[in-house]
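Enquirer: quick one, fold the following:
(3 chains)
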Amino acid sequence: MNEKLTSMRNSIEKFLRARYPWDSFKDFAAHQAQKPLPPHVSWWHTFGSLALFLLANQIVTGLLLMAYYRPTSDHAFESIRFIQTEVPAGWLIRGLHAWGAALMICMLILHMIRVFVMGGYKKPRELTWVTGVLLLGVTVTFGFTGYLLPWNQLSYWATTVGTEVARAVPFVGNDIALMLRGGEGVSGETLGRFYVLHVAVLPWAIVGLVSIHLFLMRLQNLATLERVGEEQDIPPHHAVPFFPEHVLKELSVFTVFLGFLLALVIFSPPELGEPADPFNTPVGIKPEWYFLSTYQMLKYFPKTIGIFTSMIPPLILVLLPFIDRSLERHPKRRPLAMTLGALALVGALALGIVGKISETHIRFFGKPYEVDLYGRWTPEEGSAPAADTTVSRAENRTGSAP
Amino acid sequence: MDKPNGAAKNGGVSRRGFLDYFIGGGLAALLAGMVAPIGAYLWPARKRGGTQDVVEAGQVEGWQVGLARPIQIGGHPILVVRSTESEFRAFSSVCSHLGCIVQWEVSSRTFKCPCHAGTFSGEGKVLSGPPPSALIAYETFVAGGKVNVKVPPA
Amino acid sequence: MSWVSGLAKLRWVVSVSPLAFIFLSPLGSFAVSAAPGRGPSSCETCHMESDSALVESFRSSVHATIGCHGCHGGNPNEPTEDAMFAAEDFKGKPDRKNVPEFCGGCHSDVRKMNPFGLRTDQLAQYKTSKHGEMLFGKGDENVAVCIDCHGGAHQILRPKDPASPVHPTNVPATCGRCHSDEKKMPKYHVPATIPGDYEKSVHAAALRVRKDLSAPTCVTCHGNHGATPPGVRDVSEICGRCHVREAEAFSKSPHASATAGGKMKACISCHSNHAIHHPTDELLRTACADCHKKADDPALQVRDEFLAGIGQIRRDIDSTRDLVQSAAERGFEVGEEQVRVEEAKTAFIALTPAQHALNLADLSKALRETETRQDDIQRSIKEKILGETVRRMIFLPAVIILVLLSIAFAAKRAEIEHSRRGNGNGG
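Expert: Next up, the predicted model:
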């Protein structure tokens, strides 16, 4: 049996060798597999590959969802309901896709924090960082376009609010919103556009960017913690071979992560919600969690200023390697960068939490509070909120929030 | 794959052998666990597949003229009436007044709402009572000996 | 429907034709054939100078096609004052007390009304009404005559025209012009508060908020031309014209004989007459005690049982609906259950009329039925959620395998690292 397999393999290799530079392919693959990684490669270095796994998960489950999903306003909700309730394992595929999207953004952010802390974005790896930030942008756009596709009340109204933001751009804002929506309001036209972006345009963009990102990473190897320009060659016996050692580490993390993902899918399945109703605005529409901090920040600024302010953090992120040009990589020797980074992170988290609890009623140490649009909270007297405050809050929101 | 052949501990060979088998088997199980749902997912859930454009209301045969059959589409009750030998009519059984469920009365060939005594004709039009508008009508057609109702309403 | 599409056509004609007013007639075809060659009559030409508003409003009224002479007589082709004074049939302006007969000249004539499909009993009805009795019997000219309600002598519109004072939405205000006048009403011993009371009622809400034109206004119960207040004995009949099931149940209740014996005023005793509010549990709680004053009156026990039973059914339906709703949002297929909740709600709404019979057996039957319904729905929802339990049961072994595999990978890695380190140190 074994001999037969060997002879079969030999004859296939012979066939390939006669036609292609087969041995150099093999050398290249072996070289890549054996690629020595710096010795400080830790468990923290697995976030990137988890994101890559999630990308694969999104592609596979996405393709499967496309088999039943119908991108028209008449059928979108019904087709998702069909997938969720009637297709065998449909709940699993949709659950993996929905939770995979959220976790992918989580992993990208964690990966980004890891690279920031370890100074991996510094010379000569600036462009790897830039493509990484672009990847985060593409992924978030994936999230935004994908959120509309179930065509339920939440997705419809979150998209209405989200595309409304574009109106704040001076001069061309209305045209941008019109272009995004394919009409005055969010409609079947919007669904068509978002669908094409989500399943055709963005996938190519992300696959292209990931290829560049990985190519650059393999070309320049992982960064060490030494100062820029003073990197030592890795002593051969300290180098960690990519395969099998680092791959095993990744697999070890991956299996636990897969269990976590399954737990989310089974114990907190994505809801179906109610079908989109353009004539009935629900109270307190919120975007997805990764937009919450931006959403909350926009509330504090006048429209035009808000939109430009919201462009500053991504701009800083993209340009980070060109702004922070200090030679140190080790976090302990970069106190200023670490402090600023931590502040930015805490700020974003705080804004996100305020965004999450705004326009709701919360209990804090057993006392009920009402939180307004801007996150100010007032203790509540009675248990039931008066009906007229709900109305005025709803008006307030449509009036001032994007 | 030339693994670094370090000095194995005593008994390490058998332990490593077990570990290798476990990892190999585990990877295979993992792969199978990923492929199986995909196969199940792609297997047609319904023979005619897909979301509901058309809902079956039952066999033409054995359906007496004048009788109604209830069906539901996405939680919405619908009454299908065989009004003549060749004609089937489908109406939402939600009364246009306050949303009660109307009933088909065979003797008078009308839809009666039990809540406020609204009456609708066999064509769904308001005959008497408080309902402000006719019952929502659905298009029907007969194919392959079965009555089909088209959604959404015509 | 045809009337609406007719109106749409009219709008088009109005926009293109200066003679458009001619088309605003009940018989469009007649107007079209008569239109060419017919200029303004001599009546219109002269009266336009003295009172242009009168002529303009007449031209837009429903009577425009019959011309001034149709009612007033005279010769519309005679350009001088002879048109009036030389004509034998000239009637001029009728006295107020003659107005009903004046209108009745045509409107009681079956031959004249038939082409328009109009009834001819208005005058006869009017004579039976309180208004007619006062006018013809006592010569009281302060009572309403035709033109008072129909918008004046000359600008009479079709009742279906929203601008008409007898359009359903305008009827309460039209009656209220006199009937809410505190100076006019005391003379007739009629309270002036009635139109105001009506506006607070559930009927007014249906008319104004739901824009339901079939909602009852003053004339639905009191009649329009034969306006006579219904007697106490007629109340259950009149309310029962719409509230069929309530009346049917009421006739079986102990209150039916009380009403027949004159001890109770049928529906009005609990619901009042004009300010009829949406009946809630509160009504049941308070209204009974108005008559059943003793604290140990057995009637009050019946009431309490009804209150408790209705509350129970309502809570049951609400909790089942919430359960179904949350299951639907979680992505379970619950169409069947949703329909059954609607059916349960229907049965509950149908119980409202039935409770007028005050029959405790009916109530306990309804209670039992809802209970079985709720149980059925909840059981089938729970069975569906059980499907999710299966998912959870699969989850546990899957996670155990994944964790073991993870440990195996980590062990393998540690082993390789160990041997690599050993190798490195050795070399």
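Enquirer: in the stretch 301-427 of chain C, which spans are helices?
Expert: Using DSSP state H, counting those that start in this stretch, the helices of the stretch 301-427 of chain C run over C:335-354, C:360-426.
Enquirer: could these go into a markdown table alongside mean pLDDT, distance to A:E184 and mean neighbour count?
Expert: The C-beta positions use only the backbone N, C-alpha and C, and glycine is treated the same way. Output for the helices of the stretch 301-427 of chain C, formatted as a markdown table (pLDDT from 0 to 100; distance: least, Cβ to Cβ, whole Å; neighbours: other Cβ atoms under 10 Å in any protein chain shown):
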| stretch | mean pLDDT | distance to A:E184 | mean neighbour count |
| --- | --- | --- | --- |
| helix C:335-354 | 83 | 33 | 20 |
| helix C:360-426 | 83 | 41 | 15 |
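Enquirer: among these, which is nearest A:L349?
Expert: Nearest of these to A:L349, taken as Cβ to Cβ: helix C:360-426 at 29.1 Å.
Enquirer: by contact count, what packs against the closest one?
Expert: Where contact means 3 or more Cβ pairs under 8 Å, 6 or more residues apart in numbering or on different chains; DSSP states H and E, helix C:360-426 is packed against strand A:240-241, helix A:247-267, helix B:12-42, helix C:298-329, helix C:335-354.
Enquirer: tell me the angle it makes with helix A:247-267.
Expert: Relative orientation of helix C:360-426 and helix A:247-267, computed by axes from the mean of the first three to the mean of the last three Cα atoms, to 10 degrees: 180 degrees.
Enquirer: per-residue confidence at C:F21?
Expert: On the pLDDT scale, C:F21 is placed at 41.
Enquirer: from the rest of the structure, what touches stretch A:331-340?
Expert: Outside of stretch A:331-340, the residues within contact range by Cβ atoms under 8 Å, 6 or more residues apart in numbering or on different chains are A:116-119, A:324, A:326, A:328.
Enquirer: and that stretch, which residues are buried?
Expert: Neighbour-count burial for stretch A:331-340 flags A:334, A:337 (criterion: 16 or more other Cβ atoms under 10 Å in any protein chain shown).
Enquirer: give me the distance from it to the chain's centre.
Expert: 26 Å (Cα atoms, centre = their mean, to the nearest Å).
Enquirer: endpoints of it, how far apart?
Expert: 12 Å (Cα to Cα, to the nearest Å).
Enquirer: show me the domain layout of chain B.
Expert: B:1-43, B:54-150 (automatic domain parsing).
Enquirer: lowest average confidence across these, which one?
Expert: domain B:1-43 (a mean of 74).
Enquirer: average pLDDT across stretch A:208-223?
Expert: Here the average pLDDT along stretch A:208-223 is 93.
Enquirer: equivalent analysis for stretch C:190-197, please.
Expert: Per-residue scores along stretch C:190-197 average to 89.
Enquirer: in that stretch, what's buried?
Expert: Quick answer for stretch C:190-197 (16+ other Cβ under 10 Å): C:192, C:194-195, C:197.
Enquirer: related to what we said a few turns ago, same list, the domains of chain B, but as CSV with mean neighbour count please.
Expert: Shown next, in CSV, are the domains of chain B (neighbours: other Cβ atoms under 10 Å in any protein chain shown):
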stretch, mean neighbour count
domain B:1-43, 13
domain B:54-150, 18
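Enquirer: now those as CSV including distance to chain C?
Expert: Shown next, in CSV, are the domains of chain B (distance: least, Cβ to the nearest Cβ, whole Å):
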stretch, distance to chain C
domain B:1-43, 2
domain B:54-150, 3
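Enquirer: closest to chain A out of these?
Expert: Proximity to chain A (Cβ to the nearest Cβ) singles out domain B:1-43 among those, at 4.0 Å.
Enquirer: tell me which element A:L110 falls in.
Expert: helix A:90-117 (DSSP states H and E).
Enquirer: other SSEs contacting the next helix or strand after that helix?
Expert: Downstream of helix A:90-117, the next assigned helix or strand under DSSP H and E is helix A:126-148. Applying 3+ Cβ pairs under 8 Å, 6+ apart, one finds that helix A:126-148 contacts helix A:90-117, helix A:153-164, helix A:188-196, helix A:202-220, helix A:289-299, helix A:312-323.
Enquirer: dump those helices to JSON lines, plus mean neighbour count and distance to A:F267.
Expert: As requested, these are exported to JSON lines (neighbours: other Cβ atoms under 10 Å in any protein chain shown; distance: least, Cβ to Cβ, whole Å):
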{"stretch": "helix A:90-117", "mean neighbour count": "21", "distance to A:F267": "10"}
{"stretch": "helix A:153-164", "mean neighbour count": "21", "distance to A:F267": "20"}
{"stretch": "helix A:188-196", "mean neighbour count": "19", "distance to A:F267": "29"}
{"stretch": "helix A:202-220", "mean neighbour count": "15", "distance to A:F267": "29"}
{"stretch": "helix A:289-299", "mean neighbour count": "21", "distance to A:F267": "18"}
{"stretch": "helix A:312-323", "mean neighbour count": "15", "distance to A:F267": "33"}
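Enquirer: closest to chain B out of those helices?
Expert: Per Cβ to the nearest Cβ, nearest to chain B of the helices and strands packed on helix A:126-148: helix A:90-117, 5.3 Å.
Enquirer: could you check the angle that closest one makes with helix A:289-299?
Expert: Using the same axes, to 10 degrees: helix A:90-117 against helix A:289-299 is 60 degrees.
Enquirer: can you put the helices and strands packed on helix A:126-148 in TSV and add distance to chain C?
Expert: Compiled in TSV, these are given as follows (distance: least, Cβ to the nearest Cβ, whole Å):
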stretch	distance to chain C
helix A:90-117	7
helix A:153-164	10
helix A:188-196	20
helix A:202-220	21
helix A:289-299	19
helix A:312-323	32
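Enquirer: relative to C:L367, which of those is closest?
Expert: Closest among the helices and strands packed on helix A:126-148, using Cβ to Cβ: helix A:153-164, at 35.4 Å.
Enquirer: can you give me the angle the closest one makes with helix A:188-196?
Expert: Computed by the same axes, to 10 degrees, the angle separating helix A:153-164 from helix A:188-196 equals 90 degrees.
Enquirer: what mean pLDDT does the helix or strand following helix A:153-164 have?
Expert: Per DSSP H and E, the first helix or strand lying C-terminal to helix A:153-164 is helix A:173-181. Taken as a whole, helix A:173-181 carries a mean pLDDT of 91.
Enquirer: check which residues of stretch C:245-258 are buried.
Expert: C:245-247, C:249-251, C:255-256.
Enquirer: quick check: end-to-end length of it?
Expert: 19 Å.
Enquirer: what's that stretch in contact with?
Expert: Contacts of stretch C:245-258 (Cβ under 8 Å, 6+ apart): B:114, B:116-117, C:236-237, C:239-240, C:264, C:266-267, C:269, C:350, C:352-359.
Enquirer: stretch C:268-283 too?
Expert: Contacts of stretch C:268-283 (Cβ under 8 Å, 6+ apart): C:194, C:197-198, C:200-203, C:205, C:232, C:235, C:255, C:287-288, C:290-291, C:307, C:310-311, C:352.
Enquirer: 6 Å instead?
Expert: With contact meaning Cβ atoms under 6 Å, 6 or more residues apart in numbering or on different chains, stretch C:268-283 is reached by C:194, C:197-198, C:200-202, C:235, C:287, C:307.
Enquirer: before we move on, back to that, now the buried residues of stretch C:245-258 in TSV, with pLDDT and secondary structure?
Expert: Converted to TSV, these look like this (pLDDT from 0 to 100; DSSP: H, G, I helix; E, B strand; the rest coil):
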residue	pLDDT	secondary structure
C:R245	80	helix
C:E246	85	helix
C:A247	86	helix
C:A249	86	helix
C:F250	88	helix
C:S251	87	helix
C:H255	87	helix
C:A256	86	helix
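Enquirer: I appreciate the help and will end here.
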